[in-house]
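1. Structure for the following, please:
(chains A and B)
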Amino acid sequence: MTAKSKPKLAVWKFASCDGCQLSLLDCEDELLAVTGEVEIAYFLEASRATVRGPFDLSLVEGSITTAEDAERIRAVRRVSKTLITIGACATAGGIQALRNFVDVDEYIAAVYAHPEYVNTLATSTPVSEHVYVDFQLRGCPINKWQLIEVVCAFLNGRKPVIPTYSVCMECKRRGITCVMVAHGTPCLGPVTQAGCGALCPSYNRGCYGCFGPMDTPNPAALSQWWSNGLGVSEADLVRAWRGFNAYAEPFRKESEAHEHI
Amino acid sequence: MTRTITIDPVTRIEGHAKITLMLDDSGQVEDARFHVTEFRGFEKFCEGRNFWEMPGITARICGICPISHLLASAKTGDAILGVRIPPTAAKLRRMLNWAQIVQSHALSFFHLSSPDLLLGMDSDPALRNVVGLIQKHPDIARKGIRLRKFGQDTIRILGGRSVHPAWTVPGGVREPLSAENRDLIKEMLPEAFDTIDLALTLLKDASAGYEDEAAHYGNFPSLYMGLVTPEGGLEHYDGLLRVVDSGGKILESGLDPARYREIIGEAVEPWTYLKFPYYKPYAYSGPSYYKMGMYRVGPLARLNVCEFAGTPKADEELRAFRQLAPQGRAVNTAFHYHYARLIEILFALEKIAETVEDPHILDERVRSRADVNQLVGVGVSEAPRGTLFHEYHVNEEGVLQKVNLIIATGQNNLAMNRTVQQIARHHINGNGGKLTEGVLNRMEHGIRLYDPCLSCSTHAAGKMPMHVEVVAADGEVVDEIIRD
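-> Okay, here's the model as predicted:
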């Protein structure tokens, strides 16, 4: 295969922590194999060289927080055959979407002596609110095996096999005792999409929703469980729903239902 | 006419940034500015959260060094609980931090900087990256990738996953280390030691060809700050704050890090979101009041402030490192951040090797429990890039009322600007301000020496307008240029 006929891969960054694109570098052993299969045409974290589009596959990390971002993501879409968002920031607005619930000017004023220098949008929004997204890979951070699956699926022209069931399935499969039923620990596992391998429950801790809402979740039922069964306060419920996927619709609506101002 | 040259974006650093050069009438570089253009707002949205959640939330500030935030945050939580964590928990946290230093420094050296050093600053930019390195020096690339993997795997073994693990908590860590997992770490060590030896040899060989860079890359006197052990040794997790000047004179010898506000102030400039921390006692009144208080943090600073490393191999390299400066003085050239980084990897590996042999490391008591006992907590640790400060003010329920974070990269901000200016003057002056790819890359390399982590340092605040204004001496805006 000549270099020219390899599919071109691009990695784009918006507001984020870089952790998800680093998951690509984390594919240490696989990285060597990947460079044989695709041409990494745009990846600022790794290189200064930028090959002109169009790109066969664009991986987008980060949320849209400025007017320039909103322009840039449209430009990225124009030059990308397939666009996949990676991580909670790109798919749900990320932890910085907590600003969507308050007055952003207040944030800026709290941190900067000259708030007029800061030019930012009032919201941090997922990429899908701005352009068409072909596939959304969840996680804060993403699971590198899922990333490899998505890239391989793309390379082979098939649909990625990414489960959309809840973390509970992973707990059962690993034989982890339910932290909520057995220990009374509040856990977001029943409504959170699998992908982490039930990391927190394996440490006797409740899930805190890194992978965002599962397919057709029932957050209201879970809130009821937490407050009636476990005595969790309304304020703690709001905080629990407002994590790394605070702006994902099912979580957002549920947090608003418990906010009494 | 006055011209401005903008390099945007700066690549192979973490986060968003651009550089602006200001040329005077004769084409000489008058000023250079390194801008950071991302704003996320952490300090503010953490208010109203519970301090128990903070290790998980602040880890999301940065995917490169989540461990630093996890540790600083957990330590702040320890202070709020008012507990002493079990000794084994402290040892495990230290091991986690050393593992992170290995992975972060290996990423900086092998993935991000070695393409410049091994392929040449003037080589084809399309190949001057980790992929080009894999093609040209597959063996070195493979070893570098595997050294980083050692760090990531050790973090994964200890914390469950390598990015944003959920293992450290106020009061200690969640799970003790198992014998199997300890043995897994032990088995990986020999290869890691071999690779760091190779990296040290590579850097020493490559440095011979970069004497010019070593002389002009951030070679200026400044203060240095870092943690040291009570005995004055190299320290990354706990210890006391020390500040030295370029002459090697100790200005602060053993300040309790919780008192950081007494010596560190933060200045703000309109053209960047990155604040400018400075050493307060050296500030004076006037418009650039804080610039005299420029200090550097990170590997170079840590090696300059400590008296010894405390492990045999790292001490041997440290003696060689000291030879780079006249007797008793600090090593002032930012180019030697590379060397300092490798010495720290060596030190971290030796310490991990020592820790896995510790008879108490498998102890099952790894967590102290308490409720809120103090309303203010400060947690300080050494991130790969330098000293990291977390300070939380909570109410009786542990809900955060106020948060202050001082990040390593921010503290190098003044020095990074100075470094860019120095490199720009050296390479651009006299050739009419012509920029070649090699010059652009040298400036980027100058920034990369500090391994800046911009996601971290702009935890505070969106984005700067992407245009650059040129301001003449009389204050008039005379030009505006953007380079794609």
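
2. helix, strand or coil for the closest residue to A:Ser80 other than its chain neighbours?
-> The shortest distance from A:Ser80 to any residue other than its chain neighbours is 3.8 Å, reached at A:Ser58 (CB to CB, 6 or more residues apart in numbering or on different chains). C-beta: built from backbone N, CA, C; applies to glycine. Under DSSP: H, G, I helix; E, B strand; the rest coil, A:Ser58 falls in the strand class.

3. A:Ser58 and chain B, how far apart?
-> In this view, A:Ser58 and chain B are 17 Å apart by CB to the nearest CB, to the nearest Å.

4. Neighbours of that residue, how many?
-> Counted with other CB atoms under 10 Å in any protein chain shown, residues neighbouring A:Ser58 total 24.

5. Quick check: the residue of chain A nearest chain B.
-> A:Gly19 (2.0 Å; CB to the nearest CB).

6. from what I can see that residue touches B:Cys62, true?
-> Yes. Between A:Gly19 and B:Cys62 there is a contact under CB atoms under 8 Å: 7.4 Å.

7. quick one: buried residues of stretch B:230-242?
-> Within stretch B:230-242, the residues scored as buried using 16 or more other CB atoms under 10 Å in any protein chain shown are B:Gly232, B:Leu234, B:Glu235, B:His236, B:Tyr237, B:Asp238, B:Gly239, B:Leu240, B:Leu241, B:Arg242.

8. Turn those into a markdown table, including distance to A:Asp134, secondary structure and pLDDT.
-> Output for those, formatted as a markdown table (distance: CB to CB, whole Å; DSSP: H, G, I helix; E, B strand; the rest coil; pLDDT from 0 to 100):
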| residue | distance to A:Asp134 | secondary structure | pLDDT |
| --- | --- | --- | --- |
| B:Gly232 | 57 | coil | 95 |
| B:Leu234 | 49 | strand | 97 |
| B:Glu235 | 48 | coil | 97 |
| B:His236 | 43 | coil | 96 |
| B:Tyr237 | 44 | coil | 95 |
| B:Asp238 | 48 | coil | 92 |
| B:Gly239 | 50 | coil | 92 |
| B:Leu240 | 53 | strand | 96 |
| B:Leu241 | 50 | strand | 97 |
| B:Arg242 | 53 | strand | 97 |
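
9. which residues does B:Pro312 contact?
-> B:Glu350 (CB atoms under 8 Å, 6 or more residues apart in numbering or on different chains).

10. could you check the distance from it over to chain A?
-> From B:Pro312 over to chain A the distance is 29 Å, taken as CB to the nearest CB.

11. again, but for B:Arg369
-> Taking CB to the nearest CB as the measure, B:Arg369 falls 13 Å from chain A.

12. In terms of pLDDT, where does A:Thr50 sit?
-> pLDDT, A:Thr50: 48.

13. Tell me which residue is most central in the chain.
-> This is for chain A. Against the mean C-alpha coordinate of chain A, by CA atoms, centre = their mean, the closest residue is A:Ala88 at 1.5 Å.

14. oops, I was thinking of chain B
-> The centre of chain B sits closest to B:Arg385, judged by CA atoms, centre = their mean, with a distance of 1.0 Å.

15. Is that residue in contact with B:Leu300, as I believe?
-> No. Here B:Arg385 lies out of contact with B:Leu300, judged by CB under 8 Å, at a distance of 10.7 Å.

16. Identify the residues contacting the residue nearest to the centre of chain B.
-> Going by CB under 8 Å, 6+ apart, B:Arg385 touches B:Cys65, B:Ser104, B:Val297, B:Gly298, B:Ala408, B:Thr409, B:Asn412, B:Tyr450, B:Asp451, B:Pro452, B:Cys453, B:Cys456.

17. Sticking with B:Pro277, tell me its helix or strand.
-> Counting by DSSP states H and E, the element that carries B:Pro277 is strand B:276-279.

18. quick one: strands adjacent to whichever helix or strand comes after that strand?
-> Following strand B:276-279 in sequence order, the next helix or strand is strand B:295-296 (DSSP H and E). Applying DSSP bridges to the sheet, strand B:295-296 is found paired with strand B:223-228 (parallel).

19. quick one, phi psi at the residue nearest to the centre of chain A?
-> With angles defined as degrees, to the nearest 10, A:Ala88 sits at phi -60, psi -30.

20. which residues touch the nearest residue to it once chain neighbours are set aside?
-> Excluding the flanking residues, the one nearest A:Ala88 by CB to CB, 6+ apart is A:Cys140, at 3.8 Å. By CB under 8 Å, 6+ apart, the contact list for A:Cys140 reads A:Gly19, A:Gly87, A:Ala88, A:Cys89, A:Gly94, A:Ile95, A:Cys210, A:Phe211, A:Phe244, A:Asn245, B:Arg60, B:His164.

21. out of those residues, who's nearest A:Pro7?
-> The shortest approach to A:Pro7 among these belongs to A:Gly87, at 21.6 Å (CB to CB).

22. just checking, the closest one touches A:Asn143?
-> No. Shown here, A:Gly87 and A:Asn143 do not form a contact pair, counting by CB under 8 Å, at 10.4 Å.

23. can you give me how far stretch B:370-386 is from the chain middle?
-> Remark: stretch B:370-386 is offset 18 Å from the chain centroid, using CA atoms, centre = their mean, to the nearest Å.

24. try stretch B:56-70
-> Between the mean C-alpha location of stretch B:56-70 and the chain-wide mean there is a distance of 13 Å, by CA atoms, centre = their mean.

25. all helices of the stretch 151-261 of chain A, in order?
-> Ranges of helices within the stretch 151-261 of chain A are A:167-174, A:179-183, A:199-202, A:219-224, A:230, A:234-241, A:249-257, based on DSSP state H, counting those that start in this stretch.

26. Kindly compare burial across those helices and name the winner.
-> By mean neighbour count, with neighbours taken as mean count of other CB atoms under 10 Å in any protein chain shown, helix A:199-202 ranks first of the helices of the stretch 151-261 of chain A at a mean of 23.

27. so what's residue 31 scoring on pLDDT?
-> All of this refers to chain A. 61.

28. I was after chain B.
-> We have a pLDDT of 72 for B:Asp31.

29. what's the answer for the one 3 residues further on, then?
-> In this model, B:Phe34 is scored at 66, pLDDT.

30. Extract the C-alpha trace of stretch A:133-145 and format it as PDB.
-> This file holds the C-alpha atoms of stretch A:133-145, laid out as PDB (Å, rounded to 0.1, in the frame of the first residue of the first chain):
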ATOM      1  CA  VAL A 133     -21.700  13.900  14.000                       C
ATOM      2  CA  ASP A 134     -21.300  10.400  12.600                       C
ATOM      3  CA  PHE A 135     -20.500   8.600  15.900                       C
ATOM      4  CA  GLN A 136     -20.100   9.700  19.500                       C
ATOM      5  CA  LEU A 137     -17.600   7.900  21.700                       C
ATOM      6  CA  ARG A 138     -18.400   8.400  25.400                       C
ATOM      7  CA  GLY A 139     -16.200   8.600  28.400                       C
ATOM      8  CA  CYS A 140     -14.300  10.900  30.700                       C
ATOM      9  CA  PRO A 141     -11.800   9.800  29.600                       C
ATOM     10  CA  ILE A 142     -12.600   7.500  26.700                       C
ATOM     11  CA  ASN A 143     -11.700   3.800  26.900                       C
ATOM     12  CA  LYS A 144      -8.700   3.200  24.600                       C
ATOM     13  CA  TRP A 145     -10.000  -0.200  23.500                       C
END
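
31. No more questions from me, cheers.
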